[in-house]
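In: okay, structure incoming, though there's no sequence with it:
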């Protein structure tokens with residue numbers, strides 16, 4: 001029986017963040033700002049920012065996935081909104097956990113470039129069918145990914161013990 005999921009451990013995640021940072025710096029790109037795509041990109045964005053030594057961070061709140069394999073018709077920006085005017089003329093690294101369909105990444109890259117930012121993107125994983133490929137990616141997979149921060153779902157969904 002083959003495994004139908006890619007499982008990322010916390011240790012492998014740490015390696016992924018540092019490997020991405022090495023690739024980014026090795027490519028000669030030194031971001032002034034790291035912008036994470038919330039929610040999935042928040043933890044990777046922070047880890048990559050630490051690995052790069054970057055302290056200026058922000059987030060774009062984008063909703064697309066509503067569950068495993070279920071998505072909205074189009075990705076949508078949600079509040080609170082990032083101060084996009086600040087990014088004009090700055091080197092920005094956009095970070096997400098995965099470029100799956102690529103639609104969220106495409107929306108975010110176009111938004112930031114439209115505001116005059118010099119944007120590069122990084123993801124831990126890239127799916128083969130993504131319409132927007134990140135500039136930097138740790139691995140490619142066509143499997144569903146269990147990230148260590150989201151594999152168990154919300155605590156509010158847990159059954160009460162003894163109830």
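Out: Alright, I've got the coordinates. Because the structure is a prediction, the values reported are computed rather than measured.
In: how about the contacts made by residue 129?
Out: 101, 102, 142 (CB atoms under 8 Å, 6 or more residues apart in numbering). (C-beta placed from N, C-alpha, C; glycine too.)
In: most neighbours of all the residues you listed, which one?
Out: Within the contacts of residue 129, neighbour counts (other CB atoms under 10 Å) peak at residue 102, which reaches 19 neighbours.
In: surely that residue touches residue 128?
Out: No: counting by CB atoms under 8 Å, residue 102 stays clear of residue 128, with 10.5 Å between them.
In: out of the contacts of residue 129, who's nearest residue 45?
Out: Using CB to CB, residue 102 comes nearest to residue 45 of the contacts of residue 129, at 17.7 Å.
In: give me the most central residue, this protein.
Out: Nearest residue to the geometric centre of the chain (CA atoms, centre = their mean): residue 96, 0.7 Å.
In: tell me how far the host helix or strand of residue 20 is from the chain's mean position?
Out: Using DSSP states H and E, residue 20 sits within helix 10-26. How far helix 10-26 lies from its chain's middle: 13 Å, per CA atoms, centre = their mean, to the nearest Å.
In: report all helices and strands that it contacts.
Out: Here helix 10-26 touches helix 42-52, strand 118-126, strand 136-140, going by 3 or more CB pairs under 8 Å, 6 or more residues apart in numbering; DSSP states H and E.
In: and stretch 77-91, what's buried?
Out: For stretch 77-91, a neighbour-count test (16 or more other CB atoms under 10 Å) marks 82, 84, 87, 90 as buried.
In: contacts only, for the first one.
Out: So the one you mean is residue 82. So residue 82 contacts 35, 58, 59, 60 (CB under 8 Å, 6+ apart).
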